[in-house]
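*Asks:* A predicted structure for the sequence below; I have some questions about it.
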Amino acid sequence: MMSTAADPIRFVVVSGLSGAGKTTALKLLEDYGYEAVDNLPMPLLRRLTMADDDSNPNSDSQPRRAIAAGIDSRTRDFQPDRLIALLTELKQRPDLAVQLLYFDCEDEVLLKRFTATRRRHPLAADRPIADGIAAERRLMQPLRTEADLVIDTSAVTLPEFRQVLAAQFALDALPGLSIMVLSFSYKLGLPREADLVFDVRFLRNPHYDEILRPQTGTDPGVANYVTADPSYADFFVRLRDMIDTLVPRYAAEGKRYLTIAIGCTGGRHRSVVVAEALGKHLRETSQRVDIRHRDRDLTSV
């Protein structure tokens, strides 16, 4: 989709927990064509959105299409409430399409990342890293609540990270609602980014079939086993119809991202089958859909 002079500038504020992926996200957004600025002082945020100086008749600069600004607990004079108020103000401007992108991650994963890189936590220069993580989570909670999109990177690989970010923020992406259908294991916890969660542990479990156990829900044998459950057909019709009813209503309210999570015990069989089927159905109805299986390839569950 080509940008025109009348198109609003895409303005993405990237925030979240230290170590959760903000720096990587800004680098990827820059690759996608955004003007990216990290650790921007808050007083400069409004100035960054102002039109370029066109007083020079010899200027050949191109109009801005997209800007990404990283603001988090490292930022001088950082105050979550002040940032929320500023973003609320900027969202009223017709020349901007403002989004707050927030990166979250489980404490244990953050601790491992800081330990592996031997970095100090910005809020715990002389204290244990765990103290800094806890303090930052409390500080950042208001931003997480107000975010347009929350991405939890606890179990996301770098290729998946690129895929999710490109689907949501590539400049040639189509406008409208973008849907993520996510399978997961209840043993490993609920996906914190989920808007809707469905439990499919009532379906018969391929785990107890020795032939099917090492396979996953993307294998035909497992898919056939799960869909042959007498409860499956009626359940899936009801699930499909409910989602078909909700999606246009979310879109009408201006929601841009919808994450539908499907869970089973191990996240390898039943949830994967249902997620694949639901994602396929949504694509057939012309929705923009990504399917991700958070725990499918983990052998420990």
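*Replies:* Thanks, I have it.
*Asks:* low-scoring stretches of the stretch 1-150 of the chain, by residue?
*Replies:* 1-6, 51-63 (pLDDT under 70).
*Asks:* in it, which spans are helices?
*Replies:* Under the criterion DSSP state H, counting those that start in this stretch, the stretch 1-150 of the chain contains helices at 22-31, 45-48, 80-90, 107-117, 129-146.
*Asks:* List the buried residues of the third one.
*Replies:* It refers to helix 80-90. For helix 80-90, a neighbour-count test (16 or more other CB atoms under 10 Å) marks Pro80, Leu83, Ile84, Leu86, Leu87, Leu90 as buried. (Glycine included, C-beta is placed from N, CA and C.)
*Asks:* so which of those residues would you say is closest to Lys187?
*Replies:* Pro80 (33.0 Å; CB to CB).
*Asks:* What pLDDT does the model give Ala173?
*Replies:* As summarised for this prediction, Ala173 has a pLDDT of 60.
*Asks:* Distance from stretch 231-243 to the middle of the chain?
*Replies:* Once both centres are worked out by CA atoms, centre = their mean, to the nearest Å, stretch 231-243 turns out to sit 26 Å from its chain's centre.
*Asks:* Adjust the sequence numbering to begin at 7 for everything that follows.
*Replies:* From this message on, residue numbering opens at 7, which makes the last subject stretch 237-249.
*Asks:* In the stretch 207-307 of the chain, mark out all the helices, start to finish.
*Replies:* 226-233, 238-258, 276-290.
*Asks:* Could you single out the most deeply buried of these?
*Replies:* Mean neighbour counts were taken over the helices of the stretch 207-307 of the chain using mean count of other CB atoms under 10 Å, and the top value, a mean of 22, falls to helix 276-290.
*Asks:* residues making contact with that helix?
*Replies:* Outside of helix 276-290, the residues within contact range by CB atoms under 8 Å, 6 or more residues apart in numbering are 185, 187-191, 204, 206-207, 209, 211-212, 222-224, 228-229, 232-233, 242, 245-246, 249, 253, 266, 268-270, 295-297, 299, 302.
*Asks:* Understood, closing this out.
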